[in-house]
Structure formats: C-alpha cells, structure tokens
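>>> can't give you the sequence, but here's the structure:
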C-alpha cells in the first residue's frame, strides 16, 4: 500500500476512509469553507487535495523539496506549505490550486502555524534556532524570534495569544509572550558559527557511532571534508 | 563525515536506524551532549561545515542543496 491519509470518526474512532496520497504523506490541514483537505507529501514534494465530503482526491500541486508542514488562511483562499529541504514556504491559491509565490524564512524551516488574527504565519527554522514571522499580505519576513535548539512544532495558544515552540534539540517547550513576537526585528546578528569562516576548525574528539572508538580531527588533517551536523528526529 | 547531535540518551540505535533508512556510508560520530556543536555555534540541524586541507573553515550553514553543491565546487576548485 502506498502513502495514504486516514479519515477517522472522532466519536466512534472508526476509520471512515483511507485516501490515496503520495510518498511521504505527512502534514494535513482542512479548509472547512471550501470543504477541502490538504495532505502534504514529503518525499513526492507535493500536496494532495481531498474533498472532505466524498473523501476523494481531487487534484495535486507540486511544491518544494521536503514539504512537511501546512497552514490555511481560508478568508484569503490561501495555504502556506513549508518546504524544509528547499528552504522555502510555498503560498498556494486554493481556488486555482497553484503555487503563486515562494517565500523565504530561516535555515531549514520545518513547522508552521497561522496567527489567530490570520495576518501572519510563524515558521520554525530548525537549522538556526529561530522562528520567522511572515506577513500573509506581502510574504515578507516581519520578525525573527530566537528560540531553543532545533525548533519544530509550533502553535499559538488561542486563549492568551502566546506562541508555544517545541525545541527538539534543547528538549524544551518554549512559551513566547505576545510582546516578544510583535513588531519588526532586524535579522539576527552574525553569530558564532559564521565567525568560524576563515578560522581553524576547533579540534574534536568524538566516538564513532559504529565502533565506539574515539575519532579526532587529526585523522582528517590535510584532507578536505564536510561536517554535516544532523539529528535523526 | 556526519556528526549526530542532541539524540538523547540512546543515540547509537537511533543513529543506526537513521543510517540504514537513508543508506549512509559516511563516517558518523556522536556528539550526544551537543557540546561540540555548541562550541561551533550551531543552533539547529542540518548544518554543514566545510573544511579545507589546511583545517580552515571555508563555509558554514549551507542547508539548501544548491548552496551546498556550489560551496563544494568552490572548495574543490580552490584546491
């Protein structure tokens, strides 16, 4: 069986339908006005549109690599899809079902939520520990919030307007007050990482995941190489 | 070379599962505490650090594939 989206009755917990999607089916969002569900497919880099009355797929659109999160602003007839590997956020017109704009956020965007006022979206940037605040009107980044390491999931508490951010790298849930996330902030100042360019890489001594043996930077002396810092989550 | 960070208390099996899923052959080191990543100023993943034959950092970040490819081409071209 390929990638699918299941529809469950929350009263009976019965499966009402299993809808064909595309490889890597992950995030889902619903536009009740248009009677439409969007299923984001990570591997296929696409969005599947599903009629929520018939549970039939009714179309698809290609988005960017690593599509992994979605939010809908129904009154604007738009959806915003985070493309983590492409480093972009796709703005989709829900009537034409076409990508009309590619927005930029921070490094490795992975999560998204729509502000209660529906004038902004918040995008977590897993690659630089920040949250981008994007205007839904013109797509510009109108703010950047420093959070913990490896942020992912993000929601706005509808009761008090606070932003809740799950930081997988830090192992924390961060609560951002409304006053911290409004307004325009400058882009983050050049950090420690950027200052490394042109300098000698600090020496390392780390265990090999396979053998447990300590491996040091001396082993790679006089060789060109790439260090890719990653996490399995 | 890959360095796995912030995996939690049982890093090795998680990393092995990840390695198998993605067919990774490269050397993988464990920075379970994240101390080395923090020393470099890394705050998120994935993050790439390119190092030349003199041990000098030539480029950092490079999350997008096109950026990474361009930086690698420069590193190779510069010798």
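In hand now; what should we look at? Because the structure is predicted, anything quoted here is derived from the model rather than measured.
>>> Nearest to chain B: which residue in chain A?
Closest residue of chain A to chain B, C-beta to the nearest C-beta: residue A:192 (2.7 Å). In short, each C-beta sits where N, CA and C put it, glycine included.
>>> Excluding chain neighbours, what is closest to that residue?
Distance criterion C-beta to C-beta, 6 or more residues apart in numbering or on different chains; nearest residue to residue A:192, sequence neighbours excluded, is residue B:41 at 2.7 Å.
>>> so how many other residues sit close to that neighbour?
A total of 15 residues lie near residue B:41 under the criterion other C-beta atoms under 10 Å in any protein chain shown.
>>> Spit out the contact partners of it.
A:191, A:192, A:193, A:194, A:195, A:196 (C-beta atoms under 8 Å, 6 or more residues apart in numbering or on different chains).
>>> Of those, keep whichever come out buried.
A:193, A:196 (16 or more other C-beta atoms under 10 Å in any protein chain shown).
>>> Quick check: what element follows the least confident helix or strand in chain A by mean pLDDT along the chain?
Sorted by mean pLDDT, DSSP states H and E, the helices and strands of chain A end with helix A:178-181, the least confident at a mean of 58. Later in the chain than helix A:178-181, the nearest helix or strand by DSSP states H and E is helix A:192-195.
>>> neighbouring contacts of that following helix?
B:40, B:41, B:42, B:43, B:47, B:60, B:61.
>>> what about 10 Å?
Defining contact as C-beta atoms under 10 Å, 6 or more residues apart in numbering or on different chains, one finds that helix A:192-195 is touched by A:128, A:188, B:37-44, B:47, B:49, B:57, B:59-61.
>>> shaky segments in chain A?
Applying pLDDT under 70 to chain A flags residues A:1, A:178-191.
>>> what ranges do the strands span in chain B?
Secondary structure of chain B (DSSP state E): strands at B:2-5, B:28-31, B:47-51, B:57-61.
>>> I'd like the ones you listed written out as TSV, with distance to residue A:164, mean pLDDT and mean neighbour count added.
Listed next are the strands of chain B as TSV, based on distance: least, C-beta to C-beta, whole Å; pLDDT from 0 to 100; neighbours: other C-beta atoms under 10 Å in any protein chain shown:
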stretch	distance to residue A:164	mean pLDDT	mean neighbour count
strand B:2-5	23	88	24
strand B:28-31	27	94	22
strand B:47-51	24	93	23
strand B:57-61	27	92	21
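>>> Adding distance to residue A:20, write these out as TSV.
TSV is the format used below for those (distance: least, C-beta to C-beta, whole Å):
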stretch	distance to residue A:20
strand B:2-5	35
strand B:28-31	36
strand B:47-51	36
strand B:57-61	38
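>>> Using CSV, lay out these together with distance to chain A.
Shown next, in CSV, are these (distance: least, C-beta to the nearest C-beta, whole Å):
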stretch, distance to chain A
strand B:2-5, 5
strand B:28-31, 4
strand B:47-51, 4
strand B:57-61, 5
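>>> so residue A:165 is in which element?
strand A:163-167.
>>> in that strand, what counts as buried?
Buried-residue list, strand A:163-167, by 16+ other C-beta under 10 Å: A:163, A:165, A:166, A:167.
>>> same check, this time on stretch A:103-114
Per 16+ other C-beta under 10 Å, stretch A:103-114 contains these buried residues: A:103, A:105, A:106, A:107, A:108, A:109, A:110, A:111, A:112, A:113, A:114.
>>> can you tell if that stretch touches chain B?
Yes. Stretch A:103-114 lies within reach of chain B by C-beta under 10 Å from any C-beta of the partner chain, at A:106, A:107, A:108, A:109, A:110.
>>> Excluding chain neighbours, what is closest to the third one?
Counting by C-beta to C-beta, 6+ apart, the nearest residue to residue A:108 once its immediate chain neighbours are dropped is residue A:127, at 3.1 Å.
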